[in-house]
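> Got a predicted model here, sequence first, then my questions.
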Amino acid sequence: MKNRNEPWETVREALERLYREVDGEAGQLSALHAGRLQCRRGCCSCCEDGLTVFEVEAENIRFHYRKLLTEGFPHPPGACAFLDPEGACRVYAHRPYVCRTQGLPLRWIEESPDGEAVEMRAICPLNEEGDPVETLPPEACWSIGPAEAALVKLQGEISGGELRRVPLRALFRWR
């Protein structure tokens, strides 16, 4: 008989590989933009309450932080449930994808009202000093899309295609 946890373990390993790839690319961008990035331990202005993640990422946090989720308490409402009193992330080693690229110059494609593809860009307001994000070459920005597509694929492997999202705060009530 197959181990009932085998699909989750395979997906969790693939998720950890994806995180390593994201961290590698994000690390290169962080080095490129080191002079403008203000993000440091305890900087939590982008650690908003109400963030959601795919179930595959929620399960990864449940797996690695069972004791925190069953015996600990979430950060008070208004900021991410996983912040400690000093503003540091309590699940940093296994933080979700969205948290791994925060602060970097971001770029993505949206469809305009007339159906045209339009490149959009943004950066954390704390990191705006320097060249305007709109003038950076595309390779100097984190491209939103490829990593999200990989997450959707992993989510599909464990959910039969359902793209269920879980509020991070709700993980403290999963027992």
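Happy to help now that I have it. Model, not experiment: these values are computed from the prediction. Numbers count the residues shown, from 1 in each chain.
> what ranges do the helices span in the chain?
6-32, 55-64, 66-71, 97-100, 146-159 (DSSP state H).
> Centroid-nearest residue for the chain?
For the chain, Val98 is the residue whose C-alpha lies nearest the centre (Cα atoms, centre = their mean; 1.8 Å).
> What separation do you get for Arg165 and Val152?
Counting by Cβ to Cβ, to the nearest Å, the gap from Arg165 to Val152 is 11 Å. Any C-beta I mention is one placed from the backbone N, CA and C, and that applies to glycine too.
> Overlap in contacts, the two.
By Cβ atoms under 8 Å, 6 or more residues apart in numbering, Arg165 and Val152 have these common neighbours: Phe54.
> so Trp142 touches Gly27, yeah?
No: here Trp142 lies out of contact with Gly27, judged by Cβ atoms under 8 Å, at a distance of 11.4 Å.
> who's more crowded, those two?
Trp142 (22 against 11; other Cβ atoms under 10 Å).
> Let me know the pLDDT of that one.
In this model, Trp142 is scored at 96, pLDDT.
> Run through the residues that contact it.
Glu25, Ala26, Leu29, Thr101, Leu104, Pro105, Leu106, Arg107.
> Just give me the neighbour total for Phe63.
13.
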